[in-house]
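Participant: Here you go, sequence then predicted model.
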Amino acid sequence: MSEKDGGPAFPHIADPRGERKQGMTLRDYFAAHVASSLVAECQGKDWAFDCANASYILADAMLARRDL
């Protein structure tokens, strides 16, 4: 498990050829859920970038909180 990304959220994904691949990281999973809540709040010219940035900031805080 990586200290920065929380490791894989869904570690055993098989592609159509039967190969096992790592899924998204726990950090990405957290950020995706945060982003779905923030979309209504993000506004302005760079709304998508701002929303994504805020999502990863909150995801990092969630990962840090797990270590307490």
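Facilitator: Looks like it arrived, so ask away.

Participant: And residue 42, how far from residue 8?
Facilitator: 27 Å (C-beta to C-beta, to the nearest Å). Glycine gets a C-beta too; all of them are placed from N, C-alpha and C.

Participant: Now do the same contact list for the residue nearest to the spatial centre of the chain.
Facilitator: Centroid-nearest residue in the chain, with C-alpha atoms, centre = their mean: residue 28, separated by 1.7 Å. Neighbour list for residue 28: 5, 9, 59 [criterion: C-beta atoms under 8 Å, 6 or more residues apart in numbering].

Participant: what do you get if the cut-off is 10 Å, keeping everything else the same?
Facilitator: 5-6, 8-9, 55-56, 59 (C-beta atoms under 10 Å, 6 or more residues apart in numbering).

Participant: Among those residues, which pair sits farthest apart?
Facilitator: Maximum pairwise distance among the contacts of residue 28 (C-beta to C-beta): 18.6 Å, between 8 and 55.

Participant: Break down this protein into its helices, ranges please.
Facilitator: 26-38, 47-66 (DSSP state H).

Participant: Report the backbone C-alpha coordinates of the shortest one in CSV.
Facilitator: Spelled out, that is helix 26-38. Provided in CSV are the C-alpha atoms of helix 26-38 (Å, rounded to 0.1, in the frame of the first residue of the first chain):
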residue,chain,number,x,y,z
LEU,A,26,-8.3,4.6,-2.6
ARG,A,27,-7.3,8.3,-3.0
ASP,A,28,-9.0,8.3,-6.4
TYR,A,29,-12.1,6.6,-5.0
PHE,A,30,-12.4,9.1,-2.2
ALA,A,31,-11.9,12.0,-4.6
ALA,A,32,-14.5,10.7,-7.0
HIS,A,33,-17.1,10.6,-4.2
VAL,A,34,-16.1,14.1,-2.9
ALA,A,35,-16.3,15.5,-6.5
SER,A,36,-19.9,14.2,-6.9
SER,A,37,-20.9,16.3,-3.9
LEU,A,38,-18.8,19.4,-4.9
